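Trainee: my questions are about this predicted structure, shown below with the sequence.
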Amino acid sequence: MQDAAERKWAEEDLPEVVERFRSTFYDAPIGMAVVSLDGRYLRVNRSLCEILGYSEGHLLNTTYGAITYPEDFDASMEYVRRVLEGETQKYQLEKRYVHADGHPVWVLLSVSLIRDTEGRPLCFIAHVQDISERKRVEEELRLDEERLRGLADAALEGLVISDGGMILEANQALLDIFGYTLSEMVGRSVLEFVVPNDRDQVRQNILSGFEEPYEIVGLRKDGTRLELEVRGKAFSYRGRVVRVTAVRDITKRKALERRLRQQALYDLLTGLPNRALFMDRLSGALARGRRRRRRVAVMFVDLDNFKFVNDSLGHHAGDELLVTLSKGLRACLRLEDTLARLGGDEFAVLLEDVADEGEATRLAERIVEELRVPFTLDNKEVFITPSIGIALNDSSQDSPDGLLRKADIAMYWSKKEGKARYQLFEPSIEAQSTERTRLEHDLRRALEHDEFGLCYQPVVGVDSGRIMGVEALVRWKHPERGLVLPEEFVPLAEETGLIVPIGKRVLREACRQAREWQERYSSDRPFVVGVNLSARQLEHPGLADEVEEALRDSGLDPRALTLEITEGAVVKDEERNIDAMRRLGALGIRFALDDFGTGYSALAYLRRLPVGLLKLDRSFMEKLGEDGEAEVLLSGVISITSGLGLYVLAEGVETPEQLALVKSLGCDLAQGNYFSEPLQSEAVTELLETYSPGSSAGPR
């Protein structure tokens, strides 16, 4: 006999339990179903009907396989198989059903197998939770991340996302920069990709949230060093604040800048410091000398009869001689002394901590003796002697320019006294420089008698062959000496300030003549005239008024006037001169940077100066075809200049080969004797008659 009390109690409460289960089943907030082993719905609740959009009657007359999304059917059946074969008691998966209106419904499906008391499978209990909204948001996030990844990988700059210096993500550009795969970089510290000397800087910038661009040296996977520009900023990423850093590889740019800086500060032929670097070192030496109460000596060395070597043996032989001479001069000096080539056959020597004049004169004697030995060029013996001027600072008021000028004056006196010698500067020498005084007197008389005239050299479009304008060049019609070229009087005019009234007359005449040509030869674009502007003119407070007056009186469109300046004219008082240029630019006038390649030639000036045209010095042309490095350097200069939105003009084009080369390198304009030498206005008029704007011919 068995105790049946418990069973009887259960049988009495069974109706209430069953009713409570049915109520819980049908009113459950998530979808629920009882499914037969062959997939038929035996019971479904209201939530499931609402999720799928079907009526209870419809679901009870179908199978779960019939409303399962086709792409998810096989995966679902695999789970059913595993449960029926006893591999698992229940399973959970995300799957899609087909809604009554046809769209997919994402659900989280949890299924348990119900067995009888003897362990035989009876049916499945399914819990169905609608996760469509979550899947929609996840899909949007996935697409957004794909789009961001695509944009990041398309970016030219490297991008890296880091948290506390630990790399979380990197785009393709960054991987290309460093030579790693994404898996090789993620999870590592950004400091591992920076040279040891720069790691403290990077670490501090990360900790402080520094956002300004700065430069560091990075390390590629193969050990190569990279010069990088980096810029970091806080960024919200996947629910947390991280740091996104843009990385730009500036290795090539920095190398080009160094080459341009080398060119700007060193003579290309001899490798010696040029005038700009010499003056910088002289300025520093004078400052140190004042502090130490020691004297500084400057020697101006000019080679006697060097022009004869060039004329008789050619410029190639002259260049070879200059290189050899520079080595001989260097051998005479101490390691701490500076030897510079100022240009042509002129050299300068800087001596610091000079005890007395005797120390400087003994060196000058040694140089004179060193150069007495003949040089062999083209199997011919060549004798070159130096004329040397020496100047020592004698007060705290001595300036670099003033000291070099004194040495220059002494050098000319040395040459006048017979060459192959040296001369110490003395106040009496300056007083006896009668030629300079006479020239200044003649310049003032020339202004009173209007002895200055203009020549014009055409500027030609490289591609079209059309005359796009002219450069106005001043000439002095001296009543006794005849035609005097600018290099003979402009330096003195600049020094005395006479260049200001001379420049005013040049500007007025150039504008008047350009307007006349414009009216006579109308074109779809203004006929541009270029007028050289000196440093003294740029500093002149009345310059803007003079330019406006010249334009107003001539009727010339301001866009047809280009004022040509050199870097040296700007750097004397950089900020004020740049402001003056901007005021003139507001009138519509354009600026050209003249003689690029002979001064500072710094990229920083190309970015700062409000210029629209870069004029490459003729020294570039002299090297093309002979020096492959010069061609590479010129190509880089043109590329950077064009990237800054400037036009490029090649000066000194003398041959069709040079024209073809500058055209291939991307120059926009050209000027030189290949097209035409400087001409009087009447000759330019005849040239314009021959090569009018509609003509297909080009000047030769």
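Mentor: Yep, it's here.
Trainee: so which residues of the stretch 501-650 of the chain form strands?
Mentor: Residue ranges of the strands in the stretch 501-650 of the chain, as given by DSSP state E, counting those that start in this stretch, are 528-532, 561-565, 590-596, 613-616, 647-650.
Trainee: ok, the second one: who's next to it in the sheet?
Mentor: Applying DSSP bridges to the sheet, strand 561-565 is found paired with strand 528-532 (parallel), strand 590-596 (parallel).
Trainee: how far out from the middle of the chain is that strand?
Mentor: How far strand 561-565 lies from its chain's middle: 24 Å, per Cα atoms, centre = their mean, to the nearest Å.
Trainee: now do stretch 375-394
Mentor: Worked out by Cα atoms, centre = their mean, stretch 375-394 lies 42 Å from the chain centre.
Trainee: which residues belonging to it are considered buried?
Mentor: 375, 377, 382, 384-393 (16 or more other Cβ atoms under 10 Å). Any C-beta I mention is one placed from the backbone N, CA and C, and that applies to glycine too.
Trainee: before we move on, back to that, looking at the strands paired with strand 561-565, which is nearest to residue 323?
Mentor: Residue 323 lies closest to strand 590-596 among the strands paired with strand 561-565, at 23.0 Å (Cβ to Cβ).
Trainee: dump the closest one to CSV, keeping only the CA atoms.
Mentor: Provided in CSV are the C-alpha atoms of strand 590-596 (Å, rounded to 0.1, in the frame of the first residue of the first chain):
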residue,chain,number,x,y,z
ARG,A,590,50.6,92.0,-57.5
PHE,A,591,54.0,91.2,-56.2
ALA,A,592,56.8,89.0,-57.6
LEU,A,593,59.7,87.6,-55.6
ASP,A,594,62.7,88.4,-57.8
ASP,A,595,66.1,86.6,-58.0
PHE,A,596,64.9,83.5,-56.0
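Trainee: what is the mean pLDDT for that strand?
Mentor: Averaged over strand 590-596, pLDDT sits at 85.
Trainee: who's in contact with it?
Mentor: Applying Cβ atoms under 8 Å, 6 or more residues apart in numbering, the contact partners of strand 590-596 are 530, 532, 559, 561-567, 581, 584-585, 605-606, 609-617, 637, 649, 651.
Trainee: what do you get for stretch 493-507?
Mentor: Here stretch 493-507 makes contact (Cβ under 8 Å, 6+ apart) with 440, 443-444, 447, 450, 452, 454, 472, 474, 490, 492, 531-537, 540, 546-547, 550.
Trainee: those residues in helices, which ones?
Mentor: Secondary structure from DSSP state H places 440, 443-444, 447, 490, 492, 535-537, 546-547, 550 of those in helices.
Trainee: tell me, domain by domain, which residues of this structure belong where.
Mentor: Domain ranges of the chain: 19-130, 136-249, 256-432, 436-690, per automatic domain parsing.
Trainee: and the end-to-end length of the longest one?
Mentor: Domain 436-690 stretches 43 Å from its first residue to its last (Cα to Cα, to the nearest Å).
Trainee: not counting sequence-adjacent ones, nearest residue to residue 462?
Mentor: residue 663 (4.8 Å; Cβ to Cβ, 6 or more residues apart in numbering).
Trainee: now the helix or strand the one you found falls within, how far from the chain's geometric center?
Mentor: Per DSSP states H and E: residue 663 is located in helix 656-665. Centroid separation for helix 656-665 versus its chain: 25 Å, with Cα atoms, centre = their mean.
Trainee: do the same with stretch 393-406
Mentor: Centroid separation for stretch 393-406 versus its chain: 38 Å, with Cα atoms, centre = their mean.
Trainee: between the two ends of that stretch, what distance do you get?
Mentor: From start residue to end residue, stretch 393-406 stretches across 10 Å - Cα to Cα.
Trainee: buried set for that stretch?
Mentor: Buried residues in stretch 393-406, counted by 16+ other Cβ under 10 Å: 393, 398, 400, 403-406.
Trainee: ok, residues contacting it?
Mentor: Contacts with stretch 393-406, where a contact means Cβ under 8 Å, 6+ apart, come from 279, 282-283, 286, 289-290, 295-296, 298, 300, 348, 389, 391, 425, 430.
Trainee: which of the residues you listed fall within helices?
Mentor: By the criterion of DSSP H, membership of the contacts of stretch 393-406 in helices covers 279, 282-283, 286, 289-290, 430.
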